[in-house]
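1. Quick one, what's the 3D model for this:
(chains A and B, ligands or ions: 2)
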Amino acid sequence: MLKKEQNDYLCQTGPGTPMGNLFRCYWMPALLSEELPENDCPPVRVKLLGERLLAFRDSEGKLGLIDEFCAHRGVSLWFGRNEDCGLRCPYHGWKYDVNGQCVDVPSEPAESGYAKKIKLKSYPLIDQGGVLWTYMGDPEKQPPLPEFEFSTVPLNQTFTTKRIQECNWLQAMEGGIDSSHVSFLHRGDLSNDPLFKGAAGNKYNMQDLSPVFEVVESDGGLLIGARRNAEDNQYYWRITPWVMPCYTGVPPRGDHPIHGHFWVPIDDESCWAWSYDYHPTRALTETEVAAMKDGKGVHVKYVPGTYRPLANKDNDYLMNRAAQKAGKTFSGIEGIGMQDASLQESMGPICDRTKENLVGTDNGIIMARHRLMRAARALADKGTVPPGVNPEHHKVRQAALLLPRDVQYKDGAKEALVARKGVRQTSV
Amino acid sequence: MQSESARMTTAREASYRVQYPNSKPRAVKVIALDPASARIVDEISKKSWNGAAFFTAPSFTTEETPGATGSGLKAWLKDLAGRTMDLVSEIEHCDFAVVITTAGTDARAVSVIADACALYHKSLVGLVVPGTDDSDAAVTQSMKHLRPYTRMLVIASGTDYIEAMLTALRA
Ligand code: FES
Ligand SMILES: [Fe+2]
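-> Ligands and ions are numbered 1, 2, ... in the order given. Prediction:
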């Protein structure tokens, strides 16, 4: 349960809000690299943290993320012409470079210097791992580049997609750390999905349906361990990392690629659910990539030409009551991603947490909210750099492993939880 | 026509959620396992709570039949006024229990509480908070004591989490 003020505090990320200020301390995924495929390609509208922006790639390949609207009379620069190292407003011809600097005001003589006085807000945009990342905070405090493993392995080892989710970021993100829903909502998919099935560890999930949880604070966020009984006096552990504010990892299965998410606020009533899949030591196979493109695993199928899931609220998520009744899916919705999204959207645009009744096993969620509030307050009061900004905090890995019962996972899985170049994931 | 899901997930429709209390207060027993956590719990108990009761676990005896479990189990808690309470009946009449220990201290008292919880099928949440010894070894030690008994074990980096958690659980 959260009080209304606490809920507002956590859910609102627009400019000037405490959580908005917190988010503006981090590099965040803004677009897929494929959205700006070549120099002088069409610009793309981007809304992040409640700010309407426009991304473009100029004639020299430089990337820019600038205010969407022309400083002259407020036309959307989405209509702009991307030409000669800048974006020209089609209305009266004002032109801007990737830093938002106005470089031409055709009605004024160049010598007058008028253009120099006009600058649109802009944010850095960098290309890493197939993702264009931005940092929307104070330029003086810009942190080093992110070092999440999925975006730093060679490109043939990683595959990232995004889908729009039509609800507040927090209820989406909470699904990513809520390990106790897996045995219900996703129960059918363990044995069927090509990106999950066949792992030796899956049998423990099936045999022991009431896992026991351990939540440990880490430097950058949390580690949420779920343990199940296994043979020979061992436990089967699945460990989910959360890196503040909105990165979550799904513990791996066998040698399948590792996946997880970023939950990035668009505005207070929608967010981008980013889904990555990578293998630390090998190229993804053609079959794997084909399955990912086909919406398997954590990915989804799309309405053609968009990043909106094919199953969405407008078609009741393609609800299939017969499949639900037959036990093929638990909720009647197909695919892990949409199983989560449909339920999280059903909570309403911003979940009313004053009505919740949490239980002990929800401590991962309780702790994440607590850390977010604590970090936002420390930032507001003392300017404390929040956890998860330091790239060292990004080098965490999800893990699935067997450990003797008397071994604490933060000790026994210490190595397994660190992303190490050239070292395979720890997974059964 | 708009789908039902599309119509029902707007902010406007959210405002029609039925307004009423959808749960009754829960009786939560919060038990400090060592003197340092007892001091913290004592502070927290002064706030207003819905049905939480706070205790310390100073000593455990299995009267007459040492080591008895099940219905022979006898153990005592102290409430914060220092009164001795019957652990078994406290647990019997609770919805769930929370044990708190500071890292590195002796948390073995948990086993008797866990026996009582097992007897009445109540779930037990364990919380390890930092104490004077904040080494990894101290935390590991505490976890070892609590792990066999708790459905959820939390290692918090600050004592402020106790209050945050109890509030979140409507304790
Ligand atoms: S059972 Fe968890 S939301 Fe309904
Ligand atoms: Fe899920």
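2. excluding its backbone neighbours, what's nearest the residue of chain B found nearest chain A?
-> Relative to chain A, the nearest point of chain B is residue B:14 (3.6 Å; C-beta to the nearest C-beta). For every residue, glycine as well, the C-beta is placed using N, CA and C. Closest residue to residue B:14 apart from its sequence neighbours, by C-beta to C-beta, 6 or more residues apart in numbering or on different chains: residue A:348 at 3.6 Å.
3. Run through the residues that contact the one you found.
-> A:167, B:9, B:10, B:11, B:13, B:14, B:17 (C-beta atoms under 8 Å, 6 or more residues apart in numbering or on different chains).
4. cutoff 7 Å now
-> B:9, B:11, B:14 (C-beta atoms under 7 Å, 6 or more residues apart in numbering or on different chains).
5. Show the contacting residues for the first one.
-> Contacts for residue B:9 were tallied using C-beta under 7 Å, 6+ apart; they are A:166, A:313, A:345, A:346, A:348, A:349.
6. what about the second one, how many neighbours?
-> What that stands for is residue A:313. Around residue A:313 there are 23 other residues, counting by other C-beta atoms under 10 Å in any protein chain shown.
7. Verify the contact between it and residue A:345 for me.
-> Yes - contact criterion C-beta atoms under 7 Å: residue A:313 and residue A:345 qualify, at 5.9 Å.
8. Show me the common contact partners of those two, please.
-> Counting by C-beta under 7 Å, 6+ apart, the residues touching both residue A:313 and residue A:345 are A:166, B:9.
9. Surely residue A:368 and residue A:175 touch.
-> No - using C-beta under 7 Å, residue A:368 makes no contact with residue A:175, being 11.5 Å away.
10. circling back: tally up the residues packed near the residue of chain B closest to chain A, please.
-> Residue B:14, neighbours per other C-beta under 10 Å, totals 15.
11. so how many other residues sit close to residue A:295?
-> Residue A:295 - counted by other C-beta under 10 Å - has 21 other residues nearby.
12. Just list the residues touching it, thanks.
-> By C-beta under 7 Å, 6+ apart, the neighbours of residue A:295 are A:301, A:335.
13. which phi and psi does it have?
-> Main-chain torsions, residue A:295, degrees, to the nearest 10: phi 80, psi 20.
14. so the spatially most central residue of chain B is in which element?
-> By C-alpha atoms, centre = their mean, chain B has its centre lying nearest to residue B:98, at 0.9 Å. Element membership for residue B:98, per DSSP states H and E: strand B:96-102.
15. How about that strand, which residues are buried there?
-> Buried residues in strand B:96-102, counted by 16 or more other C-beta atoms under 10 Å in any protein chain shown: B:96, B:97, B:98, B:99, B:100, B:101, B:102.
16. same deal with stretch A:368-383?
-> Neighbour counts using 16+ other C-beta under 10 Å place A:368, A:369, A:370, A:371, A:372, A:373, A:374, A:375, A:376, A:379 of stretch A:368-383 among the buried residues.
17. Of the residues you listed, which ones also sit close to chain B?
-> Among the buried residues of stretch A:368-383, proximity to chain B is found for residue A:370 (C-beta under 7 Å from any C-beta of the partner chain).
18. Which of the buried residues of stretch A:368-383 sits closest to residue A:56?
-> residue A:379 (31.0 Å; C-beta to C-beta).
19. How far does the helix or strand containing that closest one sit from its chain's centre?
-> Using DSSP H and E, residue A:379 sits in helix A:363-382. Using C-alpha atoms, centre = their mean, to the nearest Å, the distance from the centre of helix A:363-382 to the centre of the chain it belongs to is 19 Å.
20. any idea which helix or strand comes after it?
-> Immediately after helix A:363-382, counting by DSSP H and E, sits strand A:399-404.
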